[in-house]
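Undergrad: When you get a sec, could you give me coordinates for this:
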Amino acid sequence: MDPQKLNQSQDITQYLGIKKITRKIRKDDGLNIPKDNDWVIEEEAIALIYNGISHAVMMATPCDLLDFAIGFSLSENIIRQPSDIVDHKIIHTEQGVEIELSISSRQFSALKHKRRSLLGNSGCGLCGVESLAQTIKARKKLPLTEIIDFQVVRHALAQFRQQQILNQKTGSVHAAAYCSKRTGNIMAIREDVGRHNALDKLLGSLAKQKEQLTNHKDKQGFILVSSRASYEMVDKTLAAGIDHLVSISAATSKAITWAQQHHLHLIGFASRQRHITYTNY
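TA: Next up is the predicted model:
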C-alpha cells in the first residue's frame, strides 16, 4: 500500500512498518499521568541475499522492501538497472526479513569481487567497508543545470510533512521525496527508520517507474530528505542521475565537496522561509 493513497479514515495498520504496541505506556506531562497504547515504528533486520550469498544485513522498516532492494543494489553498483534482478523472494522469519535476489551472472561475478560484508544499523552509511579506497565510488559528473526556484522548494516543503504518514503516527521516521522541478509537487515518497534506507526505497521506486517518468511532463525532479545531507546521501543521489538534493538539515563537508565535484546542486536548512545553497550557485 502506498502511504500517499492513505487518508485519515483508513486503518493505518494495513500498512506494513507500523503497529500499536500492546503493552501500556506512561505519558508524563507534569500534571496527569495516564496510561495508554501508542504507535511505534517497526525496525527489523533485513538481509539482502544475492544468488544465495548474504551480502548485507541492515536495520530497517519492513515495508516497500522490493523498492529498498532495488535502490540499494543500484546505489552500490551491484546492478545497472532493475531488470538485472531476474527474480526475488521476500521471506519473513522470527529473526527478521530475508530478501532473496537472483541477479544476472555478469553482475554477480562483479559482486563477488567486492567482498563487502555489510552489517549496518539504521543510521549506517559506510558500514562493512574494508578500506578507505572503497568509500569513494566512481561517479560521472552531471550536466550543468540551473538551480531550482526558491518557491518550488517552498511548495514541496509545504506538502512534505503531511505526506509522511508513518512519521505523523510515530515521530521516529525519516522520509525521502521526489518532487517536480516545475511545480514542487511531490510525486513519490518513501519512509524508513533509517535515512539511507528511505532514500534507497525512493530511488528503487523511481527506477521501477523510469519509463512512466520519462513520458511525464514533470519528469525532471529533485530529491527532498528529512535528514542531514551526508556524503552517502549525495552519492546515492548522484548514482540515480538526479542533480538536486534538498535537505531540511545541514550538509557535511564531504557531502559539499562531492556534490561540487559532480555538479550536484546541494541545498540545506530548507524551510518555507529560507534555505542555504552550498554548491553550483
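
Undergrad: residues of stretch 38-52 that come out buried?
TA: Of the residues in stretch 38-52, those buried by neighbour count under the rule 16 or more other Cβ atoms under 10 Å are W39, I41, E43, E44, A45, I46, A47, L48, I49, Y50, N51. Just so you know, the C-beta spots here come from the backbone N, C-alpha and C atoms, and that holds for glycine as well.

Undergrad: Helices along the stretch 101-250 of the chain, start to end?
TA: Remark: helices assigned in the stretch 101-250 of the chain by DSSP state H, counting those that start in this stretch are 105-112, 150-160, 165-170, 195-208, 210-214, 231-239.

Undergrad: Please name whichever of these is nearest to T183.
TA: helix 150-160 (6.7 Å; Cβ to Cβ).

Undergrad: Could you export that closest one as PDB, CA atoms only?
TA: What follows is helix 150-160, C-alpha atoms only, in PDB (Å, rounded to 0.1, in the frame of the first residue of the first chain):
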ATOM      1  CA  PHE A 150      13.000  29.100  -4.200                       C
ATOM      2  CA  GLN A 151       9.200  29.000  -4.500                       C
ATOM      3  CA  VAL A 152       9.400  25.400  -5.900                       C
ATOM      4  CA  VAL A 153      11.300  24.200  -2.900                       C
ATOM      5  CA  ARG A 154       8.900  26.100  -0.600                       C
ATOM      6  CA  HIS A 155       5.900  24.400  -2.200                       C
ATOM      7  CA  ALA A 156       7.500  21.000  -1.800                       C
ATOM      8  CA  LEU A 157       8.100  21.600   1.900                       C
ATOM      9  CA  ALA A 158       4.500  22.700   2.400                       C
ATOM     10  CA  GLN A 159       3.400  19.200   1.400                       C
ATOM     11  CA  PHE A 160       6.300  17.200   2.900                       C
END
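
Undergrad: Closest to A250 out of the buried residues of stretch 38-52?
TA: Nearest to A250 among the buried residues of stretch 38-52, with distances taken as Cβ to Cβ, is I41, at 24.0 Å.

Undergrad: And the pLDDT at the closest one?
TA: The predicted local confidence for I41 comes out at a pLDDT of 88.

Undergrad: Make residue 1 into 16 and carry on from there
TA: Sure thing, new numbering starts at 16, so read that last one as I56.

Undergrad: For burial, what's the neighbour tally of the closest residue to it other than its chain neighbours?
TA: With Cβ to Cβ, 6 or more residues apart in numbering as the measure, T185 is the residue that lies nearest to I56, at 4.4 Å, once sequence neighbours are left out. For T185, the neighbour count with other Cβ atoms under 10 Å is 20.

Undergrad: Tell me if I'm right that T185 and T76 touch.
TA: No: the pair T185 and T76 does not pass the contact test of Cβ atoms under 8 Å, sitting 9.7 Å apart.

Undergrad: Overlap of the contact sets of those two?
TA: Contact criterion Cβ atoms under 8 Å, 6 or more residues apart in numbering; residues bridging T185 and T76 by contacting each: I56.

Undergrad: D207: what's it in contact with?
TA: Applying Cβ under 8 Å, 6+ apart, we find D207 in contact with G32, A75, T76, C78, D79, F83, S137, V188, H189, A213, K216.

Undergrad: now swap in Y296 and tell me
TA: With contacts taken as Cβ under 8 Å, 6+ apart, Y296 has the following neighbours: I162, H280.

Undergrad: H278 versus that one, what's the distance?
TA: Plainly put, Y296 is 12 Å away from H278 if you go by Cβ to Cβ, to the nearest Å.

Undergrad: Could you point out which of the helices of the stretch 116-265 of the chain sits nearest Q110?
TA: The stretch from the helices of the stretch 116-265 of the chain with the least distance to Q110 (Cβ to Cβ) is helix 210-223; that distance is 18.2 Å.

Undergrad: buried ones in the closest one?
TA: Residues of helix 210-223 classed as buried under the neighbour-count rule (16+ other Cβ under 10 Å) are 210-222.

Undergrad: Off-centre distance for that helix?
TA: Taking the mean C-alpha point of helix 210-223 and that of its whole chain, the gap between them comes to 4 Å (Cα atoms, centre = their mean, to the nearest Å).

Undergrad: What of stretch 260-271?
TA: Per Cα atoms, centre = their mean, the displacement of stretch 260-271 from the mean C-alpha position of its chain is 15 Å.

Undergrad: same check, this time on stretch 103-118
TA: 19 Å.

Undergrad: buried residues in it?
TA: For stretch 103-118, burial by neighbour count (16+ other Cβ under 10 Å) applies to G111, V112, E113, I114, E115, L116, I118.
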